[in-house]
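>>> predicted coordinates and the sequence they were generated for:
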Amino acid sequence: MVEPKNFYYKQNRLKQLRAFCQVVKSGGISLAAEKLFQSQPSVSLQIQALERELNVVLFERRGPSLNLTPKGETLYQISQPLVEGMDKLEETFAATFGHIESGEVNIGAGESTILYIMPEPVKRFAAAYPNVRIKLHNVTGRDGLRMLRADEVDFAIGSMLEGQEDIIYEPVVSYDPMLITPLDHPLANKKNITLADISPYGLILPPRHLSTWRIVDYTFQQAGLTYNVALEAGGWEIIKKYVELGMGISIVTDICMTGKEDIAKMSLAHLFPCRSYGVVLRKGRYLSPQGQRFIDIVREVYLERGGGKVGSVPEEDPLNAGIMAEGF
């Protein structure tokens with residue numbers, strides 16, 4: 001009979017992995033030591049012991065900077081949710097019985113998502129869990145994914161235009177693209193609008209590097225038509241205001257329309273792809289009870305509202321030039 005392996009290191013392994021994960025998050029041993037309330041030599045010894053016991057090199061040491069090796073990256077993906085799960089065992093256990101009394105939830109989201117998608121979920125969560133702090137980080141695109149991968153946010157709420165191997169995207173709601181015009185514009189309330197109808201008129205679009213501009217550009221190019229940009233402005237509220245002033249027309253997503261605007265709107269779902277919004281998670285990340293409950297509330301809110309036409313742009317679509325939709 002084979003004797004079971006003597007896991008003599010169990011008591012130290014959690015400390016080693018905690019030190020390792022903190023070094024990765026902090027970007028260095030000195031900062032990790034401060035956050036762990038340990039000495040720098042102690043943290044260094046724990047990392048060395050972990051490397052020795054696993055017979056791997058976890059970091060490439062180049063001067064003062066530490067970079068994960070491929071095996072170090074794999075260990076981090078495995079160990080980070082384990083360490084965080086152990087450190088939050090008490091509150092996770094309490095949460096299984098419906099007790100979420102403290103803590104915080106960090107959420108990454110762009111301005112439009114914060115303005116139009118988040119208010120009701122935030123309101124419900126705050127009412128149900130008044131002692132849990134909500135932190136909304138106004139980030140999108142590559143900055144949002146960087147924070148997600150660095151575990152600086154628990155999850156993100158937004159729109160994804162392209163799949164990523166280490167990212168899970170769950171669409172929750174989607175909205176139609178809309179043409180908005182001044183009330184007295186020739187296209188106001190016109191049915192079955194074509195790209196040829198839009199082409200002669202000046203468009204108000206968000207900054208060129210954002211996904212909305214790329215989608216408009218690609219669609220007109222495919223149709224062999226030109227378009228004219230009369231004004232470049234950031235933020236749907238700004239765009240709507242300048243359309244009201246008669247400075248041009250615009251192509252927006254219906255998410256931003258409240259019904260209080262003095263403008264006309266017409267669906268362009270037959271010309272442009274719908275935009276989905278949902279939950280963006282890093283694969284393997286430990287999700288706190290607070291984070292899980294917030295996501296549950298997001299699902300509940302949009303299930304009650306019918307969810308819209310949930311779906312995302314197909315991966316093979318040439319519009320997939322972005323990753324996490326930026327700005328819009």
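Received, thanks. Residues are numbered from 1 along each chain as shown.
>>> which parts of the stretch 101-250 of the chain are helices?
111-116, 119-128, 141-149, 195-198, 211-223, 236-244 (DSSP state H, counting those that start in this stretch).
>>> in a markdown table, list these along with distance to Leu303.
Using the backbone N, CA and C atoms, a C-beta is placed for each residue, glycine as well. Below are the helices of the stretch 101-250 of the chain laid out as a markdown table (distance: least, CB to CB, whole Å):
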| stretch | distance to Leu303 |
| --- | --- |
| helix 111-116 | 17 |
| helix 119-128 | 12 |
| helix 141-149 | 24 |
| helix 195-198 | 35 |
| helix 211-223 | 26 |
| helix 236-244 | 25 |
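>>> which of those helices has the lowest average pLDDT?
Among those, helix 141-149 carries the lowest mean pLDDT, a mean of 85.
>>> buried set for it?
Judged by neighbour count (16 or more other CB atoms under 10 Å), helix 141-149 contains these buried residues: 141, 144-145, 147-148.
>>> for beta bridges, what are the partners of the residue positioned nearest the centre of the chain?
With distances taken as CA atoms, centre = their mean, Ala156 lies nearest the centre of the chain, 3.1 Å away. Each beta-bridge partner of Ala156 is listed here: Gly108, Val280, as defined by DSSP bridges.
>>> okay but it is in contact with Ile114, surely?
No: look at Ala156 against Ile114 with CB atoms under 8 Å: they stay out of range, at 11.3 Å.
>>> ranges for the strands of the stretch 51-200 of the chain?
Remark: strands assigned in the stretch 51-200 of the chain by DSSP state E, counting those that start in this stretch are 59-62, 65-68, 104-109, 133-138, 155-158, 167-175, 177-182.
>>> now the ones you listed in a markdown table, with distance to Leu281 and mean pLDDT?
Output for the strands of the stretch 51-200 of the chain, formatted as a markdown table (distance: least, CB to CB, whole Å; pLDDT from 0 to 100):
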| stretch | distance to Leu281 | mean pLDDT |
| --- | --- | --- |
| strand 59-62 | 26 | 81 |
| strand 65-68 | 21 | 81 |
| strand 104-109 | 11 | 92 |
| strand 133-138 | 15 | 94 |
| strand 155-158 | 5 | 92 |
| strand 167-175 | 4 | 91 |
| strand 177-182 | 26 | 96 |
